[in-house]
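Undergrad: Coordinates only, no sequence provided:
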């Protein structure tokens with residue numbers, strides 16, 4: 001197979017490190033017999049098109065798209081473990097970010113205030129937040145206003161600039177923002193966190209043969225014994241890899257269903 005597609009598009013704080021990881025993975029995969037391996041990683045603009053491409057060899061998606069738009073249309077390889085404080089093994093959580101003036105408030109006290117979210121198909125920015133506040137909603141509403149921003153960094157900006165009062169942000173994104181763009185977090189603080197869910201899934205095309213799936217999982221695990229990968233892994237806060245299948249992401253659906261059962265089908 002030629003023209004394979006490789007990307008790790010979800011955490012953009014250190015793109016050089018992403019390329020370094022691929023530089024470490026590529027020889028291992030080539031030695032396992034995989035062909036058509038590109039020299040450079042992709043930085044796709046249209047993620048859904050990228051994720052569903054038959055030539056996709058390795059990418060990273062979000063748990064909510066995996067259980068909805070991508071359900072049955074990609075294969076799950078597993079997920080990385082991260083060093084962010086809210087991560088434990090393959091589990092992570094979203095942090096609730098607010099301005100310091102609201103730093104004394106518990107999550108429930110944000111009732112009637114304004115929330116920013118990245119997109120309705122985000123596990124970390126939307127689905128987990130919806131599940132958290134659903135028990136406190138009244139007649140289908142909890143927040144006074146909600147604002148779609150298009151990205152976690154944009155949600156952080158909206159809170160810092162006073163256009164929103166709180167946002168749920170993927171905990172790894174928050175940790176990397178504090179490391180690589182501390183100005184974005186200036187004047188902000190963490191006021192809580194959502195329930196846990198599996199970390200961002202690493203995926204491959206449904207057309208990827210079983211032998212290549214095994215080779216990919218083996219190569220991802222072997223990264224942590226490769227000296228040339230250590231600096232890049234540290235730059236991306238990656239500390240491990242665990243092989244998983246799609247069934248591991250059932251908690252994303254359970255969060256959605258729990259909110260709907262409480263009469264809170266959408267963030268409002």
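TA: Arrived safely. Keep in mind it's a predicted model, so treat the numbers as computed, not measured.

Undergrad: Tell me where the longest helix sits in this structure.
TA: Ranked by number of residues, the top helix in the chain under DSSP state H is helix 15-31.

Undergrad: What ranges does this protein have for its strands?
TA: 5-6, 56-60, 74-82, 91-92, 94-99, 114-117, 145-148, 166-170, 188-193, 197-198, 201-205, 238-243 (DSSP state E).

Undergrad: any idea how far the third one is from the chain center?
TA: Averaging C-alpha coordinates over strand 74-82 and over its chain gives two centres that are 11 Å apart (C-alpha atoms, centre = their mean, to the nearest Å).

Undergrad: now that strand: mean pLDDT?
TA: Here strand 74-82 scores 97 as its mean pLDDT.

Undergrad: Check the last one too.
TA: For strand 238-243, the mean pLDDT works out to 97.

Undergrad: What of stretch 142-161?
TA: With pLDDT averaged residue by residue, stretch 142-161 scores 97.

Undergrad: related to what we said a few turns ago, from the strands of the chain, which stretch is densest packed?
TA: Most buried of these by mean neighbour count (mean count of other C-beta atoms under 10 Å) is strand 166-170; its value is a mean of 29. To be clear about C-beta, it is placed using only N, CA and C from the backbone, and glycine gets the same treatment.

Undergrad: strand partners of that strand, parallel vs antiparallel please.
TA: Using DSSP bridges, the neighbouring strands of strand 166-170 in the sheet come out as strand 94-99 (antiparallel), strand 114-117 (parallel).

Undergrad: With distance to residue 128 and mean pLDDT added, can I get the ones you listed in JSON lines?
TA: Shown next, in JSON lines, are the strands paired with strand 166-170 (distance: least, C-beta to C-beta, whole Å; pLDDT from 0 to 100):
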{"stretch": "strand 94-99", "distance to residue 128": "5", "mean pLDDT": "98"}
{"stretch": "strand 114-117", "distance to residue 128": "10", "mean pLDDT": "98"}
